[in-house]
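Visitor: model this:
(chains A, B, C and D)
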There are 4 protein chains.
Amino acid sequence: MGNSFGHLFRITTWGESHGGGVGVVVDGCPPRLPLSEADIQPDLDRRRPGQSSITTPRKETDTVQILSGVFEGQTLGTPISMWVKNEDFRSEAYSEMATKFRPSHADYTYQAKYGTRAWPGGGRTSARETIGRVAAGAIAKKLLRLRWGVEILACVTQVQDLTASVDPETVQATDIESNIVRCPDPTAAHMMIERIEQRRSEGDSVGGVVLGIARGVPVGWGDPVFDRLEADLAKAMLSLPASKGFEIGSGFAGVLLTGRQHNDAFRNVDGRVRTVTNRSGGIQGGISNGETVHFRVAFKPVATVMHEQDTVDVTYANTTLKGRGRHDPCVLPRAVPMVEAMAALVLLDHALRHEAQCGSHQSMP
Amino acid sequence: MGNSFGHLFRITTWGESHGGGVGVVVDGCPPRLPLSEADIQPDLDRRRPGQSSITTPRKETDTVQILSGVFEGQTLGTPISMWVKNEDFRSEAYSEMATKFRPSHADYTYQAKYGTRAWPGGGRTSARETIGRVAAGAIAKKLLRLRWGVEILACVTQVQDLTASVDPETVQATDIESNIVRCPDPTAAHMMIERIEQRRSEGDSVGGVVLGIARGVPVGWGDPVFDRLEADLAKAMLSLPASKGFEIGSGFAGVLLTGRQHNDAFRNVDGRVRTVTNRSGGIQGGISNGETVHFRVAFKPVATVMHEQDTVDVTYANTTLKGRGRHDPCVLPRAVPMVEAMAALVLLDHALRHEAQCGSHQSMP
Amino acid sequence: MGNSFGHLFRITTWGESHGGGVGVVVDGCPPRLPLSEADIQPDLDRRRPGQSSITTPRKETDTVQILSGVFEGQTLGTPISMWVKNEDFRSEAYSEMATKFRPSHADYTYQAKYGTRAWPGGGRTSARETIGRVAAGAIAKKLLRLRWGVEILACVTQVQDLTASVDPETVQATDIESNIVRCPDPTAAHMMIERIEQRRSEGDSVGGVVLGIARGVPVGWGDPVFDRLEADLAKAMLSLPASKGFEIGSGFAGVLLTGRQHNDAFRNVDGRVRTVTNRSGGIQGGISNGETVHFRVAFKPVATVMHEQDTVDVTYANTTLKGRGRHDPCVLPRAVPMVEAMAALVLLDHALRHEAQCGSHQSMP
Amino acid sequence: MGNSFGHLFRITTWGESHGGGVGVVVDGCPPRLPLSEADIQPDLDRRRPGQSSITTPRKETDTVQILSGVFEGQTLGTPISMWVKNEDFRSEAYSEMATKFRPSHADYTYQAKYGTRAWPGGGRTSARETIGRVAAGAIAKKLLRLRWGVEILACVTQVQDLTASVDPETVQATDIESNIVRCPDPTAAHMMIERIEQRRSEGDSVGGVVLGIARGVPVGWGDPVFDRLEADLAKAMLSLPASKGFEIGSGFAGVLLTGRQHNDAFRNVDGRVRTVTNRSGGIQGGISNGETVHFRVAFKPVATVMHEQDTVDVTYANTTLKGRGRHDPCVLPRAVPMVEAMAALVLLDHALRHEAQCGSHQSMP
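Guide: Presented below is the predicted three-dimensional model:
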């Protein structure tokens, strides 16, 4: 259970790191959207290992194939099945994982829950699972852009204690993609890259924060009470590997303010209702208010480090384990397209839900 | 849409602030659980307005009535319908709300989404809606305690910049309930109460942070990939009114550490696999690891303040609005039972899901 | 589990026969639909006991109350909670049911599944549970009529071996309601009423067939593969108490024909695609084709008869049981509004799903 | 939407007739079930075209491949992805389908709903879609057999007016598989085969009835109110291509009896509660009662016939169309494994739901 996400634009991912492949089935995609692998591959390339000097050097091309749901260049309205075949097996690099649980990984909990686990490459717990999300998210991003003019972006704003100041209203994709850490502030980006390389050279790893942005979201998306837009975003982000926190708008820092300081005043601007500030993060009462949606996601430092660590083996005997193989010293740059994908999936699902329930209430007799 | 939560222990809440009442239907409760209103009312009393000098002085007894699903003192396995009748109407205190949108409330977004809204008392956006959650959560807490020995707790650890140090492993319910702000650190609690009273006397409001705790959770609850335990907790918490952030375990602070510093080493302790530290927050790979689950939820300062604020009216014309009536200067003390309820609902749902999929895998041939 | 129906227009029913009441929560209703109890009560009156000489003489007014979701005469888009308080308890009439399982009722299976059951009046297994469905169905019928011009009808076409010939294209509600058995063929109706009265005088009971009709359904409703319109109708109908069969269009009789005989030829009629015959029952490939949807539902004879029958008691010892109290000799007349309600719920749900996925594909770039 | 089935053992099928392939993702399978392609292929072989002289002569080997969810011969508890690559394209045989709607097929409704359709081979409406169901059903059947001793069977009992008498309690799989029409009565089977060959020689087609059986189902599976076991079976069966009707137990014939005649008396037989007759079809109040579950499904005659038929083209102009290519004259023999698969999916899902809610109520304090 738990391998599906969304209600009306519903995705189901499958696949282990070292099995036949990884993939996704997308159900509920509106018909007649122009679509081909060329719409999907760019985001997979931003996600894939080996894309830069600060990611894992594993060579995986992650070439996506659409198996169904598209005919003569357009979506059919039927399920879109996409997959990436697995390659570049090096199970020997992981052989110790067969008998020992990696600290702060999911080896132990999977073994305890299921009584078994696919240990090569981490199996289902590998970040490779996110290929399906990113592929589905690329479709969602395209639909959001074409049909509602919504733009989804994400970027790195913090690595350890190094922070960048980024304006959600104005940051551009080209600035984000201008460097390998995906931080649009060039000075901070430079320091972040140095920090990541430093930690890697120490056999260590780092974490950080990704800022997620949705611009152009119409007023009215989101479903109170439980399916508030920010609640579904929070779930989406905390479902990403290594994520430890989520905040919308003012977030944790907002608790330092008083109500008078925190409130977003309404003003009529050119006939539209706007807020003067945007501490709400574009969402009020669980529903988008037409302002830019912005949120932050914390990612912990990568758990695999090149040092001996205390752990237990599958017989629960104490032992030690040292990371081997080729790993990311920092997931942040590769997490950026994942955050975009999950945000797009949440927004599109709510867009369709809104059309279903409220699409034509103006015409109600 | 969006008024149901959970898959196997599924609740559906209903009701507006000033309508016939508010309630909840619980579907999927295991049969033969001893249950009566006496199991529900104490948590509703912790949630209700007027319970102390730092909450709103509105007098609402919030007396719950069980309408179905219980027979001769035990649950039947059929839906449990519970409700609280609405009383203490003072619509005149809200009459300006009929024509003006309160800043940082949901008035504008509801009106825009639905083309209508129940303005008296905030209608469905009133925190009164949480009565159903707390009632259902009380059942979930009882089941978790009786059947699995799981204890759910929450407490206030921050009000504005005032913080308390609380150990999730040892804090006791009696310490939390020993003061009206529900902070188990008496010194911090005293300062928090003073701060809240100060802000209220200024016609202002404050926010803060609630710590949520689940002790005794067995290994193996939680469903990767999308329904990770922390993902469902994040959604649950962000679905609470006024919440702006969620973090599990080390959370946002964890990004300052390196992987070596952050990892939780495994050790065999008396035959059980334990982690030496608990930065994972009791969850690894989306699945509970047997350690205490702990997380934090940020609540913004209350949006209703007794000062004139810029806003627009229902014709989108600029105007001002000043809070009237009887409001909480701080939601934190009343948010504590809400956090407990939502945490219990998430955990119980995953407990039942775990039984369904993995309950008997040991006996698999 | 199992007490909710529908995806986008989702209902959850609750309540036992002799508890606090029975009710329903409707989530997903579009906003701004004019609605009051006056829209609901007529269908409940068609469903209630004691409405005629061939139904049970139990006096239950079944007066519905709307508790939420409606404001100033219009739906809010928030959950609509409706309930009927229980009255007219006569538990003593059922006291033998406490210790003996009624043959062909659900007493034994409930007891075995849940380890308990609310025996007075049959508890949750009482047809009283359908009050919530009929109330929700009345809303669905109103929406279907106002927004899409869809008309939902049902009528009795068979009682035991007595059959009536009814044309789904032309039958009128007034004809159906012109007699107490709700069969629009007056001659057949007369014979059916006599038959029912005869069987009742013998302490026995009868079953029959209800024809369900939806006229004016637009082309395109229904979701292949699993959620075909006829599949969801089948589930809806088989979820009604005492139903034993469902057939769409030509149904079981269609298997006697060859493909050449059975096929519905397409013709262009006034610019619209029409079928010359309608053995498809208005649905092809799970999707409505614009023709009248028509289907039949079999209801078994009422299980409670006024004769001694072999059964077992709660200790599984052999014994006998004779029906007592006031029971329907035939559920058919009261099943008519239930069939209409369930059909309306299925169709409305698919209408909203269609709007979500395909509502605007014409405008796809 | 609509391409998933089940709640806890949830399948999602994908694929068009002439695209990259067809497949299924199974989520929720319990871990540690021994599984390989050898468990799946036999049922696919019973489903595949070209298996006998009375099915279509199209040569499709339908070789299944498991891509995920299985490790070292056992299920992992993670999604099981299975697929069959498409082969044997002969699009030219279907080229007229590009511009004309086949009568009593789904061409017109798909085109109207989605504004597009994959016309080669019928696209998503091809019976090829059922490969995924049958593959998933094979897993469900294995689990039901190994863990609960439940046996699922189906067989043909009627072709046009030719009927066979089959006892659900005693019929054996070997008898069913002893002839190509899958009717366990050899005399009837012989006549059915002759009839099918006769109709095919006339360029015509026939329909019939499949009997579905589940033996050894424990007491207590099924979830009232809406998710009754028979309701979910009805939906499952009506979701199969060409099915037009469903009946459980006594079904439509049961309406001819009175209550006294129809009721199943309870008796204690060797300490177990049994019914003397089984007109209930093994289900009472939506819950299994421990008797054999038996139901019937009507399948219409195949719509593709080798005769000129009236229809319209994609411009809605009147025209005619004659079937070409290689088609089944009767779907019944190939529908048998489909009925078994869907029955197994329904029963297994309810088995898991029962464990979740009621698994341990005996131990409730």
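Visitor: Could I get the contacting residues of A:C358?
Guide: Residues counted as contacts of A:C358 (CB atoms under 8 Å, 6 or more residues apart in numbering or on different chains) are A:G220, B:K113, B:Y114, B:G115, C:P30, C:P31, C:G77. Heads up, the C-betas are built off the backbone N, CA and C, glycines and all.
Visitor: ok, now which ones touch the second one?
Guide: It refers to B:K113. With CB under 8 Å, 6+ apart as the criterion, the residues that contact B:K113 are A:V219, A:G220, A:G222, A:I287, A:H354, A:C358, C:G77.
Visitor: What residue, apart from its backbone neighbours, is nearest it spatially?
Guide: Nearest residue to B:K113 in three dimensions, chain neighbours excluded: A:G220, at 3.9 Å (CB to CB, 6 or more residues apart in numbering or on different chains).
Visitor: ok, how many other residues are close to A:T315?
Guide: A:T315 has 8 neighbouring residues, counting by other CB atoms under 10 Å in any protein chain shown.
Visitor: dump the residue contacts of it.
Guide: By CB under 8 Å, 6+ apart, no residues touch A:T315.
Visitor: From C:P79, how far off is it?
Guide: Between A:T315 and C:P79 the computed distance is 52 Å (CB to CB, to the nearest Å).
Visitor: how about stretch A:276-292, does it reach chain B?
Guide: Yes - Stretch A:276-292 is in contact with chain B by CB under 8 Å from any CB of the partner chain, via A:V276, A:R279, A:S280, A:G281, A:I283, A:Q284, A:G285, A:G286, A:I287, A:S288, A:N289, A:G290.
Visitor: ugh, typo on my part, it should be stretch A:154-166
Guide: Yes - applying CB under 8 Å from any CB, one finds stretch A:154-166 in contact with chain B at A:Q158, A:V159, A:Q160, A:D161.
Visitor: So for that stretch, first residue to last residue, what's the gap.
Guide: Start-to-end span of stretch A:154-166 (CA to CA, to the nearest Å) is 11 Å.
Visitor: and it, what's its mean pLDDT?
Guide: Throughout stretch A:154-166, pLDDT has a mean value of 98.
Visitor: tell me which residues in it are buried?
Guide: A:A154, A:C155, A:V156, A:T157, A:Q158, A:V159, A:Q160, A:L162, A:T163, A:A164, A:V166 (16 or more other CB atoms under 10 Å in any protein chain shown).
Visitor: Alongside chain D, which residues does the stretch 101-250 of chain A contribute?
Guide: Residues of the stretch 101-250 of chain A lying near chain D by CB under 8 Å from any CB: A:K113, A:Y114, A:G115, A:T116, A:R117, A:A118, A:G123, A:R124.
Visitor: mind running it again at 10 Å?
Guide: Neighbours of chain D within the stretch 101-250 of chain A, by CB under 10 Å from any CB of the partner chain: A:110, A:113-120, A:123-125, A:129, A:132.
Visitor: ok, back up a step: which one of the contacts of B:K113 is nearest to B:H327?
Guide: Among the contacts of B:K113, A:I287 lies closest to B:H327 (CB to CB), at 21.7 Å.
Visitor: List the contacts of that closest one.
Guide: Applying CB atoms under 10 Å, 6 or more residues apart in numbering or on different chains to A:I287 gives the contacts A:219-224, A:228-230, A:350, A:354, B:2, B:106, B:108-110, B:112-114, B:125.
Visitor: element containing the residue in the stretch 251-365 of chain A that chain D sits nearest to?
Guide: Among the residues of the stretch 251-365 of chain A, A:L352 lies closest to chain D, at 9.6 Å counting by CB to the nearest CB. According to DSSP states H and E, A:L352 maps onto helix A:332-358.
Visitor: Report the angle between that helix and helix C:332-358.
Guide: When axes from the mean of the first three to the mean of the last three CA atoms, to 10 degrees is applied, the directions of helix A:332-358 and helix C:332-358 differ by 140 degrees.
Visitor: mean confidence score for helix A:332-358?
Guide: For helix A:332-358, mean pLDDT rounds to 97.
Visitor: Could you give the separation of that helix from the chain centroid?
Guide: Distance of helix A:332-358 from the chain centroid (CA atoms, centre = their mean, to the nearest Å) equals 10 Å.
Visitor: that older thread, between the buried residues of stretch A:154-166, which is closest to D:P49?
Guide: Closest approach to D:P49 among these (CB to CB): A:A154, at 47.9 Å.
Visitor: so who does the residue lying closest to that closest one once chain neighbours are set aside touch?
Guide: Leaving aside its chain neighbours, A:A154 sits nearest to A:V339 (4.1 Å; criterion: CB to CB, 6+ apart). For A:V339, the contacting residues are A:137, A:152-156, A:210-213, A:233, A:236-237, A:240, A:243, A:295-297, A:299, A:332, by CB under 10 Å, 6+ apart.
Visitor: so can I have JSON lines of the residues of stretch A:154-166 next to chain B showing secondary structure and distance to A:M97?
Guide: Shown next, in JSON lines, are the residues of stretch A:154-166 next to chain B (DSSP: H, G, I helix; E, B strand; the rest coil; distance: CB to CB, whole Å):
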{"residue": "A:Q158", "secondary structure": "strand", "distance to A:M97": "30"}
{"residue": "A:V159", "secondary structure": "strand", "distance to A:M97": "27"}
{"residue": "A:Q160", "secondary structure": "coil", "distance to A:M97": "27"}
{"residue": "A:D161", "secondary structure": "coil", "distance to A:M97": "32"}
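Visitor: Show me which residues of chain A sit near chain C.
Guide: With CB under 10 Å from any CB as the criterion, chain A comes near chain C at residues A:7-9, A:27-34, A:74-75, A:77-79, A:143, A:146-147, A:223-225, A:349, A:351-365.
Visitor: So among those, which ones count as buried?
Guide: Burial by neighbour count, judged by 16+ other CB under 10 Å, picks out A:7-9, A:27-33, A:74-75, A:77-79, A:143, A:147, A:223-225, A:349, A:351-359, A:361, A:364 from these.
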